[in-house]
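**Student:** okay, here's the prediction I keep looking at, along with the sequence it came from:
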Amino acid sequence: MTHPLKKEGKFSYLEIGEGTPIIIMHGLMGGLSNFDGVVNFFPDKGYKVVIPELPIYNMPILKTNVKNIAVYVSDFIEHKGYDKVMLLGNSLGGHIGLMVTKLFPEKVKALVITGSSGLYESAMGETYPKRGDYDYIKQKAENVFYDPAIATKEIVDEVYDSVNDRNKLIRTLSIAKSAIRHNMAKDLPHMPNPTCIIWGKNDTVTPPEVAEEFHELLPDSDLYWIDKCGHAAMMEHPDTFNDLLYAWLQKRGY
């Protein structure tokens, strides 16, 4: 990703294009570059793509939880002066998007989730990488994808560095526990915001039945599958992901 980060007060973010804002929330181990496919596609279609750096590693440890990061995203939306936005999140980012939609529904025009936590406890923390063991971390990173080759050395190195940084590790475990506590099964039926669910058929982190449960519980959702695809559809099949999402936005008049 070659676009420079903008820094304003407590916010650092990427902003590309003009039009209706699509705010992207990265996952726990996901860098901003995981969404390169989205960044390269949607600005040419009349959307502004915005990726704030989430303060997962900067908040006080007792405040490092899903709800506070959702409040941070809401503050960012206000800071930018956006009226209504579309939220797009993968994994923990999807969970944060769901929490923003629950707490601040008036700010959310539509929500897009892929491989999201929020319903399924095993998505977070149960097999958290052992510190120091590079091969184990490499295997875990590869398991996220249907095609293990997607887990490049750069991706594995990034995860390895995170789990061997004590500050990051403590906060990662804190947010993982928070994600388990913030199960949203009871909230989803009261969240009428239009939601697009795009899921890998071969996701082993948040299996297909999780997507089906999201679809069942959310009042206004559409569910799309991508075959031969794991936990991060926008990385593994960026073209298919973009086509599905763009068609959904067109269908909904966004």
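**Tutor:** The structure has been received and is ready for your questions.

**Student:** the stretch 101-250 of the chain: helices as residue ranges?
**Tutor:** Using DSSP state H, counting those that start in this stretch, the helices of the stretch 101-250 of the chain run over 134-143, 153-163, 166-181, 208-217, 233-236, 238-251.

**Student:** columns mean pLDDT and mean neighbour count on top of these, output as TSV?
**Tutor:** Placement of C-beta: from N, CA and C, glycine included. Converted to TSV, those look like this (pLDDT from 0 to 100; neighbours: other Cβ atoms under 10 Å):
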stretch	mean pLDDT	mean neighbour count
helix 134-143	88	16
helix 153-163	88	16
helix 166-181	87	17
helix 208-217	97	17
helix 233-236	96	24
helix 238-251	98	17
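
**Student:** which among those is found nearest to residue 4?
**Tutor:** Residue 4 lies closest, by Cβ to Cβ, to one member of the helices of the stretch 101-250 of the chain: helix 153-163, at 19.7 Å.

**Student:** reformat the helices of the stretch 101-250 of the chain as CSV; add distance to residue 6.
**Tutor:** Formatted as CSV, the helices of the stretch 101-250 of the chain follow (distance: least, Cβ to Cβ, whole Å):
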stretch, distance to residue 6
helix 134-143, 29
helix 153-163, 22
helix 166-181, 23
helix 208-217, 32
helix 233-236, 22
helix 238-251, 24
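
**Student:** and of those helices, who's closest to residue 72?
**Tutor:** For the helices of the stretch 101-250 of the chain, the distance to residue 72 is smallest for helix 166-181, at 12.3 Å, taking Cβ to Cβ.

**Student:** that closest one vs helix 153-163, what angle?
**Tutor:** 90 degrees (axes from the mean of the first three to the mean of the last three Cα atoms, to 10 degrees).

**Student:** which strands or helices does helix 166-181 pack on?
**Tutor:** On a contact count with 3 or more Cβ pairs under 8 Å, 6 or more residues apart in numbering; DSSP states H and E, helix 166-181 meets helix 66-80, helix 92-103, helix 153-163.

**Student:** before we move on, the earlier item: which among the helices of the stretch 101-250 of the chain is found nearest to residue 11?
**Tutor:** Nearest of the helices of the stretch 101-250 of the chain (Cβ to Cβ): helix 166-181, 18.6 Å.

**Student:** let me know whether residue 22 touches residue 46 as I believe.
**Tutor:** No - if you go by Cβ atoms under 8 Å, residue 22 and residue 46 don't touch, sitting 10.7 Å apart.

**Student:** higher neighbour count, those two?
**Tutor:** Set residue 22 next to residue 46 and count neighbours by other Cβ atoms under 10 Å: residue 22 wins out with 26 against 11.

**Student:** confirm that the more buried one sits in a strand.
**Tutor:** Yes - counting by DSSP: H, G, I helix; E, B strand; the rest coil, one finds residue 22 located in a strand.

**Student:** skipping its backbone neighbours, what lies nearest it in space?
**Tutor:** Leaving out its chain neighbours, the residue that sits closest to residue 22 by Cβ to Cβ, 6 or more residues apart in numbering is residue 86, at 4.8 Å.

**Student:** just checking: what are the partner strands of the helix or strand harbouring that neighbour?
**Tutor:** Residue 86 is part of strand 85-90, with elements assigned from DSSP states H and E. Sheet neighbours of strand 85-90, with direction, are listed as strand 20-25 (parallel), strand 108-114 (parallel) (DSSP bridges).

**Student:** of all the ones you listed, which one is nearest residue 166?
**Tutor:** Here strand 20-25 is closest among these (Cβ to Cβ), at 24.8 Å.
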